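Colleague: sequence and predicted structure, then a few things I'm wondering about:
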Amino acid sequence: FKASVDGVLASALMGKETANFEFPMFTKFGERRDLLLNATTRRGPTGEATGVIGVGQDITQIREITKEQERVADDLSRLIESANAPIFGVDLNGMVTEWNIKAAEISGFTSRETMGRNLVQNFIQPDYRKSVSHVLQDALVGKETANFEFVMKSKHGATFTVLLNATTRRDGKGNVTGVVGVGQDITELNQVLASSKRVADDLTRLIDTA
């Protein structure tokens, strides 16, 4: 960083001041500190440049916090991507921002095919668009929904039933940025329950007519 710092100081000596220049410094004991520097031209009585004044801010702790937040975000992204449940995200306009491997597996639509497209209009069955849109709008104002059941249609025409938890997504300042939907494919479960009900109904009729 010596060359870049030299460049900042040389520029300030020629009247070109620099704001928010970031560079590392090392203490007497070898400890690294990250600094944010504003370099201002120092002038004499007649306005000639006589030197440079540097006003710095120690941002070492801020950098450490930022790196930790990035690490947590990366871990969360990997968790979402590899989760054994369909997970999608939408922004404030309902456009897809997240579409994990499981969502791609059961829907047949890859992440590339869904990103930036309206979730409700493109991937939800017409009969459920109004109710799914309502759930998403509720989440955008902080009203989250658990165990909402709806039907989606895969790229290849097969329908499947999803049990959805819709959660509000917020940024570091608490502002709402979208919705995260964590689903469960309950198609087979519903089929089993329907089959069990048919068996129970048949058994009831058999008993009644015996």
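Modeller: Received the coordinates, thanks. Numbering: from 1, shown residues only.

Colleague: going forward, measure contacts and count neighbours with C-alpha atoms only.
Modeller: OK.

Colleague: count of neighbours near residue 181?
Modeller: 22 (other CA atoms under 10 Å).

Colleague: helices of the chain, residue ranges please.
Modeller: For the chain, the helices defined by DSSP state H occupy 2-13, 60-82, 101-107, 111-114, 119-123, 126-140, 187-209.

Colleague: identify the residues contacting stretch 23-32?
Modeller: If you take CA atoms under 8 Å, 6 or more residues apart in numbering as the criterion, stretch 23-32 is touched by 1, 5, 33, 34, 35, 36, 37.

Colleague: where does the protein dip in pLDDT?
Modeller: 73, 75-77, 79-80, 82, 188-203, 205-206, 210 (pLDDT under 70).

Colleague: OK, contacts around the residue nearest to residue 43 when sequence neighbours are not counted?
Modeller: Spatial nearest neighbour of residue 43, excluding adjacent residues (CA to CA, 6 or more residues apart in numbering): residue 49 at 4.4 Å. Residue 49 makes contacts with 13, 14, 15, 41, 42, 43, as judged by CA under 8 Å, 6+ apart.

Colleague: and if you look at residue 148?
Modeller: Counting by CA under 8 Å, 6+ apart, the residues that residue 148 touches are 162, 163, 164, 165.

Colleague: ok, and the most crowded of those?
Modeller: That'd be residue 164 among these, by other CA under 10 Å, with 22 neighbours.

Colleague: now the residue nearest to residue 43: how far from residue 157?
Modeller: 74 Å (CA to CA, to the nearest Å).

Colleague: likewise residue 98?
Modeller: From residue 98 across to residue 157, the span is 22 Å (CA to CA).

Colleague: try residue 17
Modeller: From residue 17 to residue 157 the distance is 63 Å (CA to CA).

Colleague: cool, and residue 69?
Modeller: For residue 69 relative to residue 157 (CA to CA), the value is 41 Å.

Colleague: between the two, which is the more surrounded one?
Modeller: Ranked by neighbour count (other CA under 10 Å), residue 69 and residue 157 place residue 69 first, with 13 against 10.

Colleague: how many neighbours does residue 139 have?
Modeller: 22.

Colleague: grab the nearest non-local neighbour of it.
Modeller: Nearest residue to residue 139, sequence neighbours excluded (CA to CA, 6+ apart): residue 168, at 5.0 Å.

Colleague: got the contact list for that neighbour?
Modeller: 139, 140, 141, 142, 143, 144, 176, 177, 178, 179, 180.
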